[in-house]
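Chemist: Quick one, structure for this:
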Amino acid sequence: MNLRDYIREIQDFPKEGISYKDISPMLQDPKAMDHAVSLFIERLESQHIDVVVGIESRGFFFAPLLAQKLNAGFVPVRKKGKLPAETLEENYDLEYGIDVLEIHKDAISKGQNVLVHDDVLATGGTARAACNLVERLGGKVVQCNFIIELGFLNGRKKLSQFPVESLIQY
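Modeler: So this is what the prediction gives:
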């Protein structure tokens, strides 16, 4: 199964000049979703994972599925102000400014093995911020997973200390 067949490209979204990679067609096909999850599980090389972190918002689609297959917990990393309990926060750079991600302070215990998941690896700032939060809580980032990697944006460089897996590269 070619997962690229389940990616819809939308020109000039969210702004002119951007070719948005939409995973909605993949989400609409249970066989494609199952195939993607299976590929991620294979690429973990039987590593023990305690927690799967999903990054808001499209990281929430596959992270719980991966957690279930791995018999691991799921932890959301969200934008500032969206989590109800006490949080840690991490700033990261945007094209025109700074944004903030948060995680619950009690979400990860010291020494836990963590898989970080999001839909797209672009510049790497969001994923790096999530990894920083995991490490600040004492977790060990075992791998970072992405459905799509936009290699021309060099996001892997910000994640160079972690294994990175992506299913589709542009």
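Chemist: Please tell me how far the residue nearest the centre of the chain sits from residue 131.
Modeler: By CA atoms, centre = their mean, the chain has its centre lying nearest to residue 118, at 1.9 Å. Distance of residue 118 to residue 131, computed by CB to CB, to the nearest Å: 11 Å. For the C-beta atoms, the positions are set from N, CA and C on the backbone; glycine is no exception.
Chemist: With residue 31 instead?
Modeler: 31 Å.
Chemist: more crowded one of the two?
Modeler: residue 131 (23 against 10; other CB atoms under 10 Å).
Chemist: buried ones in the helix or strand where that one lies?
Modeler: Element membership of residue 131, judged by DSSP states H and E, is helix 125-136. Within helix 125-136, the residues that qualify as buried are 125-134, counting by 16 or more other CB atoms under 10 Å.
Chemist: Export that helix to CSV, keeping only CA atoms.
Modeler: The C-alpha atoms that make up helix 125-136 are tabulated as CSV, following Å, rounded to 0.1, in the frame of the first residue of the first chain:
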residue,chain,number,x,y,z
GLY,A,125,10.4,23.5,16.3
THR,A,126,7.2,22.0,17.6
ALA,A,127,8.6,18.5,17.9
ARG,A,128,11.8,19.8,19.6
ALA,A,129,9.7,21.7,22.1
ALA,A,130,7.7,18.5,22.9
CYS,A,131,11.0,16.5,23.3
ASN,A,132,12.3,19.2,25.7
LEU,A,133,9.1,18.9,27.8
VAL,A,134,9.5,15.1,28.0
GLU,A,135,13.1,15.4,29.1
ARG,A,136,12.3,18.1,31.6
